[in-house]
Every structure is written in C-alpha cells, then in structure tokens.
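Participant: model this:
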Amino acid sequence: MTAKASSFMPIVSKMYCSSSQVVLEVRRRPHVVYGGGFVVTDSSQKVLFRVDGCGILGRDGELVLRDSDGDSLLLIRRKEGIIEALNINKHWRGYAFNYEGSQKQAFTLREPNSYLMKNNPIKISTQPRGCGTHWDFQVKGSFQDRTCSIVDSLGNIIAEIGMKKEMRQMMTASRDLYHVIVQPGMDQAFVFGVIAVLDYIYDGTTRC
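Facilitator: Predicted coordinates:
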C-alpha cells in the first residue's frame, strides 16, 4: 500500500517535501578518491543532497547530510556510552539545523545488534523521547539487496529503494548505484538521513 499524502510531512524542512512523487538516484562515492559517502541527484543529474561520513569527517559514528550548496541539513550521531554498549539496540539520532544554525532533534533510529537483525526490524521515531515501544516508521526488506521500503506505522510506503534490472545483473555496480522513490508530501531530507544510517550499518561506505 502506498501512502497518499494530502499534505506535507516536514521532519527536517518543508522545503524538501514535494506535492508529487519523485524518483532520485543515489551514487556512492569511493573511499579512496572522495572519502566515502554518497550523492543524491534528480533526473537531470542535478545534485540535491550529499552525505559525508567518517572518510571525510574523520569521526566514526557520525554522518552529515548536506544540501546542494554544501550546507548542513542533518547531523546524525550514534549514541555511545557504557549503557548503550550493554543495550540490545543501538540508537542513532538525527539533528536538524535551522536557519540560525542551532540544532533540534529530528528523529531517533533503533539499530538492532547484528545477531538479532533479522528478527528485530529497524524502527524510527520522530518524537523527542526516541524509540521505545513507540515508532513512526520502520524499514522493511533488504537494504543490502537494494530492495526495501520505509513504511509508516499504518503500513503505508513513504519511500522505496530499488535498482534497475540491468544494474542488478552487474554485481560490482549494484551496491553503488540505485534509485529511491519518495511519495508525495514526504520529507526527502529525512528519507536520505535514514538511508545514510542504513548505508553505514550494512555497507560501510560512510565508515572509515
């Protein structure tokens, strides 16, 4: 079931919500040349977002989502500490920057420990209290295979990650180039903030 958005759902900013469905392309950057991360382009190959990871920032467990001008939109950090290390789930927090440069928590993502990944799905909350029993979105499918969706708590698809058939047949390229379909009204910056964390968890292109 696909979400039918009657209004915008800004999580990072209303600027990144569209009244129509959009199909965007993700191209991962190689560690050696560009320090990892990925860029997001539209159908005319115009860069809309860029994600920088540890290869550029020099800090593990931290990601930055930037706009087309290179300005920071989201600072995404993995929560650290003794209590977190003992927890079954790891938590990531995304902080949005306003026009004055101050930060406000936009979402919390719960990353299951590796041995529980298959039975404990990744869930995302946009509430300040984070991911407890409450969640607003979850990831269904396999990001590693580039066949997954982000769905809301009602089961509506708000974004789909996939690949063209010819790319899927090219094993070396399949993980580096894929598309994301974002449904009307959904905040695209939020979607790619979530994808940045998925990329870190499963592939490591944003890791050092």
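Participant: Residue 42 and residue 49 touch, don't they?
Facilitator: No - counting by C-beta atoms under 8 Å, residue 42 sits too far from residue 49 to count as a contact (10.2 Å). Just so you know, the C-beta spots here come from the backbone N, C-alpha and C atoms, and that holds for glycine as well.
Participant: okay, these two: which has more neighbours?
Facilitator: residue 49 (24 against 13; other C-beta atoms under 10 Å).
Participant: looking at this, that one is in a strand?
Facilitator: Yes - under DSSP: H, G, I helix; E, B strand; the rest coil, residue 49 falls within a strand.
Participant: If it is in a bridge, with which residues?
Facilitator: Beta-bridge partners for residue 49, by DSSP bridges, are residue 40, residue 67.
Participant: Against residue 154, how distant is it?
Facilitator: Counting by C-beta to C-beta, to the nearest Å, the separation of residue 49 from residue 154 is 27 Å.
Participant: Compute the number of surrounding residues for residue 62.
Facilitator: Per other C-beta under 10 Å, the neighbour tally for residue 62 reads 17.
Participant: Verify the contact between residue 36 and residue 199 for me.
Facilitator: No - between residue 36 and residue 199 there is no contact under C-beta under 8 Å: 9.2 Å.
Participant: Quickly list what's touching both of these two.
Facilitator: Common contacts of residue 36 and residue 199 (C-beta atoms under 8 Å, 6 or more residues apart in numbering): 28, 53, 205, 206.
Participant: shouldn't residue 7 be in contact with residue 185?
Facilitator: Yes - assessed by C-beta under 8 Å, residue 7 is found in contact with residue 185 at 6.0 Å.
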